[in-house]
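Asker: Sequence unavailable; structure follows:
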């Protein structure tokens, strides 16, 4: 079974630009969560999607948005990039984040975003 | 908001020594998960604890969930160089199932 696939793996953008990251979950997984990982802040929860609906949201500004498609693939978008948005963005999929034994998260390799 | 702290932040041990990381939540958790992230890698699920006072073992790793479901620990007996990495706990509160990750403990094992 293929794992969680994130594209692209690396991205360099300049301040003010926008970026879209993609995540393909494990086949059959319907829950997709996004995290931002930085050396200073650790792993911070961005949002979680299930069946195309955002069920949970972290404490990030509105510049961070996401969506999920009917095939469970998910994208996250960051508009008006700032230097502080440089980070590793991780996507994790599970069968269903709200059901015990189905909520084990499998992480992708991440997209490393550098904002110059 | 909910916060999950881990101590220590860093730990260097000689190979063969034991290692423990502690996880403390500001709120009562419904369940807690532990992950390991190797340098340059992504978090990999280790175990999930659900019940108050629960203890689970995986070979040299022992995981505990506190009676009040606000703290947890991971203990590694006789560390090996393959144990190197950052260990994260991730807790969720009932009703939200939004996983808040701890700050992580970076373990280095000296051969």
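Answerer: Cool, the structure landed. Just so it is clear, the model here is predicted, and its values are computed rather than measured.
Asker: count of neighbours near residue B:62?
Answerer: A count of nearby residues for residue B:62, using other CB atoms under 10 Å in any protein chain shown, gives 15. In short, each C-beta sits where N, CA and C put it, glycine included.
Asker: ignore the last one, residue B:30
Answerer: Residues lying near residue B:30 (other CB under 10 Å) number 14.
Asker: for it, what are its contacts?
Answerer: B:50, B:69, B:92-95, B:97 (CB atoms under 8 Å, 6 or more residues apart in numbering or on different chains).
Asker: ok, now residue A:100?
Answerer: Contacts for residue A:100 (CB under 8 Å, 6+ apart) come out as B:31, B:48, B:50.
Asker: Kindly report the same for residue A:42.
Answerer: The contact partners of residue A:42, by CB under 8 Å, 6+ apart, come to B:88, B:101-104.
Asker: filter the contacts of residue A:100 by proximity to chain A?
Answerer: Among the contacts of residue A:100, the residues that sit close to chain A (CB under 8 Å from any CB of the partner chain) are B:31, B:48, B:50.
Asker: So which of these are in strands?
Answerer: B:31, B:48 (DSSP state E).
Asker: which residues are there in chain A that come within reach of chain B?
Answerer: Residues of chain A lying near chain B (CB under 8 Å from any CB): A:33, A:35, A:42-45, A:48, A:55-56, A:58-59, A:90, A:92, A:97-98, A:100, A:103-110.
Asker: In PyMOL, select just the buried ones from those.
Answerer: Buried subset of these, written as a PyMOL selection, criterion 16 or more other CB atoms under 10 Å in any protein chain shown:
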select buried, chain A and resi 33+35+42+43+44+45+48+55+56+58+90+92+97+98+103+104+105+106+107+108+109+110
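Asker: looking only at pLDDT, what's the mean for the helix or strand harbouring residue A:93?
Answerer: Assigned by DSSP states H and E, residue A:93 falls within strand A:87-94. What strand A:87-94 shows for mean pLDDT is 96.
Asker: How far away from the center of its chain is the helix or strand just after it?
Answerer: Where DSSP H and E defines the elements, the next helix or strand beyond strand A:87-94 is strand A:106-107. On the basis of CA atoms, centre = their mean, to the nearest Å, the separation between the geometric centre of strand A:106-107 and that of its chain is 11 Å.
Asker: ditto for stretch A:36-55
Answerer: That offset, for stretch A:36-55, works out to 6 Å (CA atoms, centre = their mean).
Asker: Identify each buried residue in it, please.
Answerer: For stretch A:36-55, a neighbour-count test (16+ other CB under 10 Å) marks A:36-37, A:42-50, A:55 as buried.
Asker: so which of those comes closest to chain B?
Answerer: Relative to chain B, the closest of those is residue A:43; by CB to the nearest CB it sits at 3.9 Å.
Asker: and the closest one, bridged to which residues?
Answerer: residue A:37 (DSSP bridges).
Asker: thinking again about what came up before, any chance of JSON lines for the contacts of residue A:42, columns secondary structure and distance to residue A:63?
Answerer: Conversion of the contacts of residue A:42 to JSON lines gives the following (DSSP: H, G, I helix; E, B strand; the rest coil; distance: CB to CB, whole Å):
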{"residue": "B:88", "secondary structure": "strand", "distance to residue A:63": "26"}
{"residue": "B:101", "secondary structure": "strand", "distance to residue A:63": "22"}
{"residue": "B:102", "secondary structure": "coil", "distance to residue A:63": "26"}
{"residue": "B:103", "secondary structure": "coil", "distance to residue A:63": "25"}
{"residue": "B:104", "secondary structure": "coil", "distance to residue A:63": "26"}
